[in-house]
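Undergrad: return atomic coordinates for the entry below.
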Amino acid sequence: MTKDSANIDKDQTPRTKCRKKEFVPPDGGWGWIVCFTSLMANGTALSILNIFGILYVYLLEEYTSDDPFIFFKTSWIGSTCTIVTSLITVFARSWSEQYGIRLTAFFGAALGVIGLFSSAFMQQLELLYLTFGLILGVGGGLISFTSIVILEHYFKEHMGIAIGIVSMGSSICTVCLSIVLPFILESLGIKYTFIILGGLYCMLLLCSLTWKPLFHRKSENPALLLYKETHFVNRCSCSTKHRLNWKIFKNRTYLVWFLGFIFALFGYSVPIVHLVKHTQDAFPGSYAFILITCLQITSGLGSVIFKKIADFKCVNNIYMQQCAFVLNGVLTVSIPFSESFEGLIIICLLLGVCDGIIMCSVDHTVFDIVGPSDASQATSFLLCGVSIPFAVGPPMAGLLYGHLHTYKIAYVVAGVPPIIGAIIMCIIPRVQGSSPASTETYAFGSTTILDIDLASPSKLGSRKGYSPDD
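TA: Predicted coordinates:
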């Protein structure tokens, strides 16, 4: 080796070395089987949360009592599951790295089966906090997280398509369950419904077995080897960060948007849980469950359509979120004042569109505010932050209904936070945001579908101000 060549090797940047050892996913083949099973797993885990409003009505019938707090207590079952599912994804990352994606997913599916089967035999309502809330919540969080992370082992060029397919799983499964579940509940009761849902979760055990992680066995780059499995690290990233970057909150633009978004979600989920019960009270004999179906259909379609719209550089994602939050608040307030069942259907269709807009624009907003290097961490903070306000709304609405025997005040109160949250976001244009962090190294910390979407090479290359070769 000559002296000049030695100097070239010595001066070779870590970025160049990283590119030489970059793992290249197969982009197809068995990956499409993995994509389908991920759709089933993610959709099943999240759809059970989405249809809790249907289960809520039959839980009230099963555990009926003269206790005025029965509506409050029952609402907390679904809220507990929501909180646990959201928070557990933070730990799911390290568990999947230490024990493997497939083992973590299988364990999550097994917990879901145990939680649902045991819920069928609970004689006291409070015990459902443990079985449905905690055990199912942990299982659902693990299975939904791993169903997204595994895609990075199989896709690169088609990552956007794979993510889009899997993200539709929640809406597809929720629509199917919202149609079928009422007939099962009416014919067999809540006990056997839990058993059937547990059997559905057994299918996820088989789905998780198809998730064989891929890794570059001959790679000498230890940054690509995480315990026994390897995750595809973002392009040009030669290290994995496992620390929390609290400096993100020094970005005042992100802080204001974070606080506004968090506040807007207080009461956001009230219609999802209490809509069926309110409709049965206001319009006896109507097929109230169809409202959940309508909401999920337009939510899925809205997410797909407005995600494409959000890609345009001329679109301000924060303004789009603000409009959606304001409309969501107005529609929520109008629910108890609807004088016809058809009016409620229209309201639910529009609520679904608002939900699709809000959720699909989160990843773009985070990316634009903090930059690509901190996008995953910023979304992780957001995920943890929204779990509490998203979950406390339904119990508070149940508490008001238990004492007032009407949902009018509950829906009016629930409609105010989204509007106030949108107003808080109006401060953002006046705030001087700190410069985005350096884009040379990306932190691997995916916790939701939004994070994977941000991490995909197609996403990084499509956003303004970023070039994959920078």
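Undergrad: helix or strand next in line after the longest helix seen in the chain, which one?
TA: In terms of residue count, the longest helix belonging to the chain (DSSP state H) is helix 169-209. Going down the chain from helix 169-209, the next helix or strand is helix 252-264, by DSSP states H and E.
Undergrad: buried sites along that following helix?
TA: Thr253, Tyr254, Leu255, Val256, Trp257, Phe258, Gly260, Phe261, Ile262, Phe263, Ala264 (16 or more other Cβ atoms under 10 Å). Where you see a C-beta, it was placed from the backbone N, CA and C, and this is true even at glycine.
Undergrad: quick one: mean pLDDT over that helix.
TA: What helix 252-264 shows for mean pLDDT is 89.
Undergrad: how about stretch 378-388?
TA: For stretch 378-388, the mean confidence score works out to 80.
Undergrad: any idea how far Cys176 lies from Leu301?
TA: Distance, Cys176 to Leu301, using Cβ to Cβ, to the nearest Å: 16 Å.
Undergrad: go on, Leu46?
TA: Note on Leu46: its distance to Leu301, by Cβ to Cβ, is 17 Å.
Undergrad: show me which of these two is the more surrounded one.
TA: Leu46 (22 against 16; other Cβ atoms under 10 Å).
Undergrad: check the secondary structure at that one for me.
TA: Here Leu46 is helix, with the state taken from DSSP: H, G, I helix; E, B strand; the rest coil.
Undergrad: my read is that it contacts Ser170, right?
TA: Yes: contact criterion Cβ atoms under 8 Å: Leu46 and Ser170 qualify, at 4.2 Å.
Undergrad: and stretch 60-77, end to end?
TA: Its first and final residues considered, stretch 60-77 spans 12 Å by Cα to Cα, to the nearest Å.
Undergrad: same question, stretch 130-142
TA: 17 Å.
Undergrad: report the mean per-residue pLDDT for that stretch.
TA: Mean pLDDT, stretch 130-142: 93.
Undergrad: with stretch 159-166 instead?
TA: On average, the pLDDT along stretch 159-166 is 79.
Undergrad: now it: buried residues?
TA: For stretch 159-166, the neighbour count (16+ other Cβ under 10 Å) marks Met159, Gly160, Ala162, Ile163, Gly164, Ile165, Val166 as buried.
Undergrad: mind putting these in a markdown table, secondary structure and distance to Leu125 included?
TA: What follows is those, written out as a markdown table (DSSP: H, G, I helix; E, B strand; the rest coil; distance: Cβ to Cβ, whole Å):
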| residue | secondary structure | distance to Leu125 |
| --- | --- | --- |
| Met159 | helix | 43 |
| Gly160 | helix | 44 |
| Ala162 | helix | 40 |
| Ile163 | helix | 38 |
| Gly164 | helix | 39 |
| Ile165 | helix | 38 |
| Val166 | helix | 34 |
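Undergrad: okay if I get those as TSV plus distance to Leu295?
TA: Listed next are those as TSV, based on distance: Cβ to Cβ, whole Å:
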residue	distance to Leu295
Met159	29
Gly160	26
Ala162	26
Ile163	22
Gly164	20
Ile165	21
Val166	20
